[in-house]
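[1] let me see the structure of the following:
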Amino acid sequence: KEKFTDHKDQQSPIDTLGHRAVRVKECQGEPGKPYCKTLILTNTQANDSGYYRCFYQDIKAIFDGTTAVSMFVFVRGEDCKQTNFLLELKMSVLIKITSDFQMMFEINVLLFIQLEEPPLLLEGNEITWNNKRGWSVPRHIFENISILFGFFCSTSVHNNEHRSSVYLVQNIGQKFYEFKLFPEDSPVELMQGEALELNCTALVEFNTGVEFQWDYPGQKVITRPHCIFTFSRFRVQQHGLEIREVCKQDAGEYTVVLKNTRAALEKRLNFTLIVNVPPQIHEKEAATPTNPYRRSSRQTLTCTATGTPPATITWQWRPWSPCLDPEDAVNPIESIEILTEMVDGKEKTVSHLVIQSANVSAMYKCSAENKVGRDERLIYFYVTSFGIEMEPSEDPLEHDLVRLKCNADNYTYENLRWYRLDPQAVPPELDCKSLHQYAGSLGGELSFQTASNNWVLELTFTNIQLQDEGNYVCEVQNRRSGEKHCHRKYIPVKALEAPRYRNNPTNQTVNVSESLQMECDVEGTPSPQLSWFKDNQPLHQISGILLQDSNRTLSIQRVREEDAGLYTCRACNQRGCVQSSATVSVIGSDDKTNVEIVILIGTGVIAIFFWVLLLVIFCNVKRVNQADIKTGYLSIIMDPGEVPLEEQCEYLPYDSSQWEISRDRLRLGKVLGHGAFGKVIEASIFEHDKKTCSNTVAVKMLKEGATANEHKALMSELKILIHIGNHLNVVNLLGACTKPNGPLMVIVEYCKYGNLSNFLRAKREFFLPYRVRETNNMIYIIPPFHNTAVDDLWKTPLTIEDLICYSFQVARGMEFLGSRKCIHRDLAARNILLSENNVVKICDFGLARDIYKDPDYVRKGNARLPLKWMAPESIFDKVYTSQSDVWSFGVLLWEIFSLGASPYPGLQIDEDFCKRLKDGTRMRAPDNASPEIYGIMLACWQGEPRERPTFPALVEILGDLLQENSLPVRKKKKKTPTYYEILKSHSMCLRAQRMMASHSLPLDNHHKRRSDSPATQCPLGTYTFYISVGGLILT
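    Just a heads-up that it's a prediction; the model follows:
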């Protein structure tokens, strides 16, 4: 079907002689039928035969006879030319034939396919003939035929064979399979001036017509009107785009559109280009301003830069003269503002340097820098210092020394002169051009100040008189323009006046122990100096007597009898002295006063006594035993059998020359954890040049308001870490900051994956047990990526082998702590950190853990303890040894193989729990623990500490399991007895008997003796016995 409308005039090609054309045009309607369209086909061919329909375009329901009319057109003639077909997928072939003779009788028309000689006759029920439509051939007939083939029809009339011309048929495709745009990385960054080449490839069905359309930012530049290009930077091929010498305008989104119009398919590929442009400072294009800046004025310097990526703007400066006094050679900076603005359609970085007060001339340098370049601009900041100063006072008195200084910078001004204005002819506004008409010229001493590059014309009055009061003008001349400038200064001169009283002191009568206040209200020029006398004796300020407001006020606290008398105030200045007196009378006796004093003193003593008593009681309540400094705050301690707890802090040394690190080398970051007393902070540590960052570390420090005991506890932890030394499976000390000019900091290794408990819980969904069982043999399947060195442990699955590896490393770390005579006391997954390469490290959060909010710490008595991890002897007897750490290690194993679950799930941790634990209650095996692993847990949970394995033995057992890679125990050569061989001892056999008899594992309903197990006998010689515990059979 082909649609013809007047909106799309179908001319293929133009209607000229010998060419075919199809046209739709308007025609004149009839009465009652105003609408008319005519379809004209010129130079028709046989292929034009078929049905033609005229219908209303905007009506969806099209029915012949109502909203449409159809007509069949048959084109005949023997001069039918060869016709080509494009055969699309899933499309039947319609072949139309004609004849120029009268069909008065039925004829037999045959259809042949022209692949090679001889032609092949096509036959079958699916190949049909229609007098109006011709031959109809299904598509599947040609699936195994070559890409290009031909058809022709043949018939025989009166023994004469008639053949049609050959119809060529070509298979064409429609589907798009794969598209790629090279380069594949997007966005791509190029420097300005480099070349860009884009190439698009498409994998499609054979002979699929694909059109490439490119849309790119530079396209607008090429087609911009009124622009003439002597050459083009752009070269567009069908599947490629090349741009030479890319510029800023070429940056943006590039799109290539692949189209198959016949199949109405369209695919788009996008590409982003970033053109890096070195920064350019916009103000350099304009003329540099040379006008000076007024001294002490507020000024703003601006620097505007463009570039990709956006430039970073910095400011530098230096004084114009290097010999200035540092106090004067500063232009204080009020602020530096950096903004991003759109100027002329470009994104620009604008920096404003605001100078609070322009004091000295200087050179400022604005630097704009990005990763591809740098640009600089020098700004010459000239400060004019034309002004007048008066010394030593702005309000001189008669006969004072007065100096007027006219300052003008040598860069701008010259020809300094002093004038005094005529008081009778002072104009309302100062006019320098006519200054000589109403002012008299004065002299002065001219000098040049090299440091400030200023001329100074000084006018001196050694003994100024009242007639010297008036307006003085300094005149200067601009070096460049010759214009004159003036500044005026008024000198007020005050006449000297003798002191005089405005109000004389009055006589007063006061009672004993009351307060007394007397005023000396006097004035004069200059202000008089005041002094007080009592009974003609000088009166000075002592306890109980206060002289205030430059001796204008005399105050006496708690007047006594001896304070009665004649009080005189004397006022003196350069013009003379005056004095005035008043009498003070005191009523009452001092005896009554003494009784009051005794009462007050007694009350004070009693109050002090009670305060001291309360302080003593408070200190006794809050006093911390020195031995509790470690037990209350920290986990890892030295074995008390080696060094008493109260002496550990003083016993261990600290060498500041080896461990001290300057606080300036640390840059603190986010808080990793915090407790009631301390916190752990992620930090970056720099080299000694304070520029090169060497590593990320963790910093332990106290919170604000920490007590001396907490400070001592952290110092003890520091010394213990020094004593322990370095080990792969222990969080190692890197340094400390102990100097008194800042907080105490302990710097240790940083472990990026956090504590083991949280890590295991997060990896539960990615846990892959790596073995499957076939017949009697074990086959181990390990993912191919498991052993690949991957920095991010979050991206790798967790396996049984990893869990054994974690357990082995913890055992090694605890073995090392034991060799250093140290006990951990809080061994749990929360205190195990995971670092790179699957390395676990034992740590001690100590002060940085808030045990008051952590549910793993349960109150027992006055303390909060990790009861679920503690051995019975630690809970009941407060005994901590390496063997009590072994018990905790067993609980840690349970945490690891349960993937971070909380121990003793579903149980209330209270006194009853502690009793059941002492009576033999134990946890059942985790789901992921093998019989061997669970056997190790039970061994660690033996009630008697000496019957538990040691950490060296645990290292050996777990090392064997890890090395074998398969978990079943294999036969070993004769060597140091392992725990499995220790189980064969007579005492272990007896314990196993008791365990079976008493069923001492009430937490596990499966802990029952197997019915097929033989009776256990324990002779003193060699024996074999079986214990069935939760599926575990120990032999």
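[2] residues near the closest residue in space to Pro797 that isn't next to it in sequence, how many?
    Among residues not flanking Pro797 along the chain, Leu768 sits closest, at 4.3 Å (Cβ to Cβ, 6 or more residues apart in numbering). Heads up, the C-betas are built off the backbone N, CA and C, glycines and all. By other Cβ atoms under 10 Å, 14 other residues sit near Leu768.
[3] repeat for Thr738
    Neighbour number of Thr738 under other Cβ under 10 Å is 18.
[4] so who does the closest residue to it other than its chain neighbours touch?
    In space, and not counting its chain neighbours, Thr738 is closest to Leu744: 6.0 Å by Cβ to Cβ, 6+ apart. Neighbouring residues of Leu744 by Cβ atoms under 8 Å, 6 or more residues apart in numbering: 701-702, 711, 714-715, 736-738.
[5] let's see that with 7 Å instead.
    Contact partners of Leu744, counting by Cβ atoms under 7 Å, 6 or more residues apart in numbering, are 701-702, 711, 714-715, 737-738.
[6] which member of those is positioned nearest Asn536?
    His711 (62.7 Å; Cβ to Cβ).
[7] just say helix, strand or coil for the closest one.
    Classification of His711 using DSSP: H, G, I helix; E, B strand; the rest coil returns helix.
[8] wait, it touches Leu702, no?
    Yes. Judged on Cβ atoms under 7 Å, His711 makes contact with Leu702 at a distance of 6.4 Å.
[9] compare the two and say which is more crowded by neighbours.
    A direct count of neighbours by other Cβ under 10 Å for His711 and Leu702 places Leu702 higher, at 20 against 15.
[10] chain neighbours aside, what residue packs nearest to the more buried one?
    Among residues not flanking Leu702 along the chain, Gly678 sits closest, at 5.0 Å (Cβ to Cβ, 6+ apart).
[11] the one you found: neighbour count?
    By other Cβ under 10 Å, neighbour count at Gly678 equals 25.
[12] show me the shaky parts of the stretch 601-750 of the chain.
    In the predicted model, the stretch 601-750 of the chain carries pLDDT under 70 at residues 620-636, 638-650, 676, 689-693.
[13] quick one: the helices in it, in order.
    628-633, 648-651, 656-659, 708-724 (DSSP state H, counting those that start in this stretch).
[14] how far off centre is the longest one?
    Relative to its chain's centre, helix 708-724 lies at 33 Å (Cα atoms, centre = their mean, to the nearest Å).
[15] check which residues of it are buried.
    709-710, 712-724 (16 or more other Cβ atoms under 10 Å).
[16] could you do stretch 941-948 as well?
    Buried, per 16+ other Cβ under 10 Å, within stretch 941-948: 941-943, 945, 948.
[17] just stretch 578-590 next, same as before
    In stretch 578-590, counting by 16+ other Cβ under 10 Å, buried: 578-580, 582, 584, 586.
[18] relative to Trp941, how far out is the residue nearest to Leu702?
    32 Å (Cβ to Cβ, to the nearest Å).
[19] next: Cys805.
    22 Å.
[20] repeat that for Phe74.
    With Cβ to Cβ as the criterion, Phe74 and Trp941 are 102 Å apart.
[21] next one: Ile747
    37 Å.
[22] need the mean per-residue confidence for the longest strand anywhere in the chain.
    Secondary structure of the chain per DSSP state E: the longest strand is strand 265-281. Across strand 265-281, pLDDT averages out at 86.
[23] which of the residues in that strand are buried?
    For strand 265-281, by 16+ other Cβ under 10 Å, it's 269, 271, 273, 275-281.
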